[in-house]
Every structure is written in structure tokens, then in C-alpha cells.
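Undergrad: sequence and predicted model, in that order:
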Amino acid sequence: PSPMNDGRSAFRKNQQRMNSDPITTTRRYFLGQCTGLSLGAMALSQKLGQVLAAGAEPMRNAIGGLDALPHFASKAKRVIFLTQSGGPSQLELFDEKPGLMKWAGIELPDSVRQGQRVTTMTANQKQLVMPPRVKFARCGKSGATIGEWLPHLREVADDLCFIKSMHTDEINHAPAMTKFLTGHQLPGRPSMGAWLSYGLGSENRNLPDYLVMISKMQRPSDQPLYDHYWGSGFLPSRYQGVKLRNSKDPVLYLSDPDGLPRDLRRGMLNGLAELNQQRLVETGDPEIATRIRQYEMAYRMQTSIPELTDLSGEPEEVFDLYGPDSRRAGSYAANCILARRLAERGVRFIQLFHPDWDHHSRLTSWCTARCRDTDQPSAALIKDLKRRGMLDDTLVIWGGEFGRTPFREGRTAASKVLGRDHYPDCYTLFMAGGGVKAGFDYGSTDELGFHIAENKVHVHDLQATIMHLLGFDHERLTYRFQGRDYRLT
């Protein structure tokens, strides 16, 4: 016999002796066999007691929302979040600053800058003021100022509510976008859409509460979009956003293999559900409950997703309205049409991501390209919702994680291919529908667009406002995790 076999035999004999001898019985044997409880079961029992005591699994209504919600009558039933990733330049798009002209080429004085931080990209450059590269016009009855690169949004100016005094704490993309969407600069918290899904549930049993679409760019994008932007954090994973891909299979692993009949798939899922239910009763693990629900949702989505993404039934005038790129699958324009279709089907939170607004250089070509991508489809979505009677209870949000500086950046001090650097201290976004005041500007910035002059709106204030429009008291929608009640704001 080999030494290995001898070792195994001796180990088994030792285990038998210890398990039969009450004097030498191990703690593991005692807890697992004598008491019928393992260490894991004891820990789980204690944990479940804490969960129940904390009320982490409150009663839910017929559509999966919390029984206690909404806290008050909501003005919006759903959200379409047109997320412009990279930091669009408010100084070229919405926040007209004619005072920049007289400062052109002059270094920003210390009396104005007041020690304000800049990124490492411009820290070693002179902060030379750069006037806007566009002409502005006052649009509609409201007189909203919109730059010439957005001619279609000018047509819906009276439907828009501009917040011109936004600010955040983060100066780089990933932390700023993470805070914009989850309330904290570090990954791990639930996204805004996940909070909404957790609180309100869904009126559509065949689609998720929260769906995400990312634009398929004409050129490769160099800006990453991380999954935690639409993640569920410490909430059960059923509340995370489901990403629709611009490919043959919009949702990964949704299609059945060739040759698998649908009734056989149904039988397999029934069997899995029974096994998972048994395990759920034994352990109380909420992720098992999530798994059961998600299998059922995936089965129903095998029918609902192909129907949703098939735009062949849309009339020609819809494609004309959304623009020439609307027939290209995965384009921002096509995704705007899908967003309207999802809203019609009762999906609560629909989020579009359009990257590459990060114009450190080549402002007049880079920013204009993003405007061409998004201007007509964004305006068309607002027009389309309005004519279908859906804008009043659909909140549309357009904006990014921060804005751009009033001084120029060229990557090198001598560069003539100029752009603008990140700027978190004042920027602009707009909302429409869903109970917001149309044709209205809130907040303002100083002569140079460098400081907020009145009515500061922090990203947490924006999040609280969105929650309020949906019927939430942002301080009362909480979830207990690791002994603390967390909230979005």
C-alpha cells in the first residue's frame, strides 16, 4: 500500500474513534451531529432574526412594490433618463455667458478662482478664458437660451425645465457618474433605478422594472461605462438594471438552444423552481427568491423582448421624427424609440447612456458630433410622448456627471486644438414632463460660469427631487445593510 493510502486509512480510523468517544468528540461533530445544528445554521439563524427584526423584508403589494409606498401622490409614473456620459459643455449648449468675450485669452485671476481645484490635466497650464464657440438664441415663449448646435431642442424649449446651478463633489468621470447615479462616489450602492424598482415594483410582468441601453457608436468609444452604474448594490439583485444589447440577442442567454421545445423548457423551469423553493425554505436566502423570479422573468422575456425590439411596425413618420440614424440598430435615436415603447409597456425606469462627451480638445468637432447624435432624437422623444398623452406622467431627464470649465484646455499649453476640462462646480441639465415646471430656468451662475450665483442644486438635491416626483420621501425610503439604514441621498 502507498503512504497516501496509509494516511487516508489512519485519518478515517481517527475520525471514527473521535466520533464514538464522548471525551474526544470535536466541536464540529458536537454542533453538527449532537445538536443537529451546524455553525453555518447557527449563524444563519441569528442573521435571519436580525433581518426580520430590522424589517428588511416588508410587505409587498400585487405588483411587487412596498405596501407603504408611495408616501404621497406621485406626479410621475416612470422615468426616462437620457444619460450623457463625459460631461457636456453647458457653456456651448445651455448657459450663455456673453461676459466671457471680454475676458477672452486672459488668465483667470485668483480673485475669481479663489483656490478652486482643477484636474491634473490643466493644473500646469494657464487658465486662459475661452468664450463660447457658438451663437445662442432665445427660444420659445420662455426665452430659454439654447446653443446653435441643438436646433431641434430649441423647438421644445417651452417643455423643458433647466437646472443651471448643478454641482457635485467629484472631478473625474467614474466617481462623478457613480455619485450621480448611486448617491456615493464608491461602487457598491444601489443605483437610482434599483431604488425605484425596489420601492414601486412593475406594472408589467413580462419585462423588468429597470432597463438600460447603451448607444452603439459610429466609432469605437474610449469611455468605459461600468455595470455598477445600473447595479443593485446591496439590494437583492432582482432590482438591478437589465441591459439591452444592440445585437441579435438583446439579452444574453435568453434564447433557447436549437431543438429545445418550449414545453420542455417550461418543465425544466418548473423543476428548478421546486428545488430552489425547497432550498429557500431551508436557508431563507433572499438571492434564491431572486433566482426563482428571474428564471420566470427570463421565460416571459423570450416572447416580450423580440416583440419590443422589432421596430418594423413603427410608421415611417416615426423614423422621420427621430431622425436619419433611427433605423440603425443600437443608435441613440433607435434607443429613444425603444424607450418610448418601454414606457408604453409600463417599465418604471428606462436609462439610455450616450458616451464620449469628454471634449478636452477638438471641442468644435467632438461636441458637435455628440449633438448631432442626440439633438433630434431627444427632442423627438419629448414630442412623441407629448402627442401620445404620456409626457405629463413621464419624467425625462437629460444630463451628465459634471460640466466643463470656462477656461480652455489643449492637452499642451501650446495646443491650438482647444477644448474644455472637467468642471464639477456648476453645470446644467434639463428635465421635462413628470410634474416639473415647463419653460423654466432654476438657478444661475456668475458672469464667467465659474461659480453658482443662486439656488445651488447638489446631485443629492436632484435625486431627492426625482424621488419626490415619483411619490417618495427620500429620507424614508431606506434599506438596512450591515446595521445601518441606507438611502439614495
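TA: Looks like it arrived, so ask away. The structure presented is a predicted model; accordingly, all values stated were derived computationally and were not measured.

Undergrad: drop to CA atoms for contacts and neighbour counts, all remaining ones
TA: Fine.

Undergrad: what about the spatially most central residue of the chain, distance to Gln125?
TA: With distances taken as CA atoms, centre = their mean, Trp230 lies nearest the centre of the chain, 4.2 Å away. According to CA to CA, to the nearest Å, Trp230 and Gln125 sit 36 Å apart.

Undergrad: quick one: mean pLDDT for stretch 304-320?
TA: For stretch 304-320, mean pLDDT rounds to 94.

Undergrad: now do it: everything it contacts.
TA: Contact with stretch 304-320 is made by 206-207, 250, 326-327, 338, 341-342, as judged by CA atoms under 8 Å, 6 or more residues apart in numbering.

Undergrad: repeat that for 10 Å
TA: 205-207, 244, 246, 248-251, 254, 297-298, 301, 323, 325-327, 329, 333-335, 337-338, 341-342, 345, 377, 380-381, 384 (CA atoms under 10 Å, 6 or more residues apart in numbering).

Undergrad: low pLDDT regions in the stretch 1-150 of the chain?
TA: Across the stretch 1-150 of the chain, residues meeting the criterion (pLDDT under 70) sit at 1-57.

Undergrad: can you rerun that using 90?
TA: 1-70, 108-127 (pLDDT under 90).

Undergrad: and for the stretch 151-300 of the chain?
TA: 201-205, 218-223, 245-266, 268-269, 273, 280, 284-300.

Undergrad: would you map the strands across it?
TA: Here the stretch 151-300 of the chain has its strands, by DSSP state E, counting those that start in this stretch, at 160-167, 210-214, 242-244.

Undergrad: mind listing the strands the last one pairs with, and their directions?
TA: Same thing as strand 242-244. Using DSSP bridges, the strands paired with strand 242-244 are strand 210-214 (parallel).

Undergrad: ok now the strand it pairs with, how far from the chain's centre?
TA: 8 Å (CA atoms, centre = their mean, to the nearest Å).

Undergrad: what of stretch 285-294?
TA: Worked out by CA atoms, centre = their mean, stretch 285-294 lies 22 Å from the chain centre.

Undergrad: can you point out the buried residues in it?
TA: By neighbour count with 16 or more other CA atoms under 10 Å, stretch 285-294 contains the buried residues 288-289, 291-292.

Undergrad: helices of the protein, start to end?
TA: 3-20, 27-29, 39-54, 90-93, 110-113, 151-155, 173-182, 192-200, 262-283, 286-309, 316-322, 332-344, 363-387, 459-469 (DSSP state H).

Undergrad: now distance to Thr119 too, for those, in CSV please.
TA: Shown next, in CSV, are the helices of the chain (distance: least, CA to CA, whole Å):
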stretch, distance to Thr119
helix 3-20, 62
helix 27-29, 56
helix 39-54, 43
helix 90-93, 18
helix 110-113, 14
helix 151-155, 31
helix 173-182, 11
helix 192-200, 27
helix 262-283, 50
helix 286-309, 41
helix 316-322, 37
helix 332-344, 30
helix 363-387, 18
helix 459-469, 20
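
Undergrad: got the contact list for the residue nearest to the centre of the chain?
TA: Residues in contact with Trp230 (CA under 10 Å, 6+ apart) are 178, 181-182, 189-194, 210-212, 239-243, 351.

Undergrad: picking that back up, among the strands of the stretch 151-300 of the chain, which is the most enclosed?
TA: For the strands of the stretch 151-300 of the chain, the largest average neighbour count (mean count of other CA atoms under 10 Å) is found in strand 160-167, namely a mean of 25.

Undergrad: so what are the sheet partners of it and their directions?
TA: strand 427-432 (antiparallel), strand 440-442 (parallel), strand 457-458 (parallel).

Undergrad: just want the angle from that strand to helix 459-469.
TA: Going by axes from the mean of the first three to the mean of the last three CA atoms, to 10 degrees, strand 160-167 is angled at 140 degrees with respect to helix 459-469.

Undergrad: got the angle for strand 160-167 vs helix 363-387?
TA: 130 degrees.

Undergrad: list the buried residues in stretch 70-89.
TA: Going by neighbour count (16+ other CA under 10 Å), the buried part of stretch 70-89 is 70, 74-89.

Undergrad: about what we covered before: okay if I get the strands paired with strand 160-167 as TSV plus distance to Ile63?
TA: Shown next, in TSV, are those (distance: least, CA to CA, whole Å):
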stretch	distance to Ile63
strand 427-432	27
strand 440-442	35
strand 457-458	33
